[in-house]
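S.K.: Can you look at this prediction? I've put the sequence above it.
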Amino acid sequence: MTRYADRIDALARRAERDRQAFERGEVPATPAQALTYLREGVGPAVALYIDARTGNETVRFSHREFDRLERAMNDWLALYTACHGVRTEPEFTVREAAQLLIDTHHIGDVARLLTKVPAREPGAPARDARE
């Protein structure tokens, strides 16, 4: 286990709680809530991965840690798409998401590029100014 194990476990537990609350109808399926899942879920999960991979000492996660981190990120991406009326079961790697975040510097763009949700209308700006 790495020094990130406790943070990964906390993220995984929160993703599970968020998914259960959403499935019980306790959370509204709105675009605003989708952004919350990105900012409070996907973003921190991807940032943890980037931190572990770019520090002075590159961390090698255990299989359990890596699986839990990816599952949490994908759970939040599923909630993000559900808030836009699209049911998905994403299977993206945290590495894919991290590379996109490094390239775009915007977690909303990362989610859109990975999930293709919401679909952009021709001529629409790349992101909502409120994000």
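M.R.: Yep, that arrived.

S.K.: Spatially, what comes nearest to the residue positioned nearest the centre of the chain if we skip its sequence neighbours?
M.R.: Nearest residue to the geometric centre of the chain (CA atoms, centre = their mean): Val42, 2.2 Å. Of all residues not flanking Val42 in the chain, Trp76 sits nearest, at 4.7 Å (CB to CB, 6 or more residues apart in numbering). The C-beta positions use only the backbone N, C-alpha and C, and glycine is treated the same way.

S.K.: give the contact list for the one you found.
M.R.: Residues near Trp76 by CB atoms under 8 Å, 6 or more residues apart in numbering: 15, 18, 37-38, 41-42, 45.

S.K.: can you tell me which of the residues you listed are in strands?
M.R.: Judged by DSSP state E, the subset of these located in strands is empty.

S.K.: Those in helices, which ones?
M.R.: Judged by DSSP state H, the subset of the contacts of Trp76 located in helices is 15, 18, 37, 45.

S.K.: Poorly predicted segments of this protein, please.
M.R.: Low-confidence segments of the chain, defined by pLDDT under 70: 120-131.

S.K.: Show the subsequent helix or strand relative to the host helix or strand of the residue nearest to Val42.
M.R.: Per DSSP states H and E: Trp76 is located in helix 63-83. Counting by DSSP H and E, the next helix or strand C-terminal to helix 63-83 is helix 94-104.

S.K.: Off-centre distance for that following helix?
M.R.: Between the centre of helix 94-104 and the centre of its chain there are 11 Å (CA atoms, centre = their mean, to the nearest Å).
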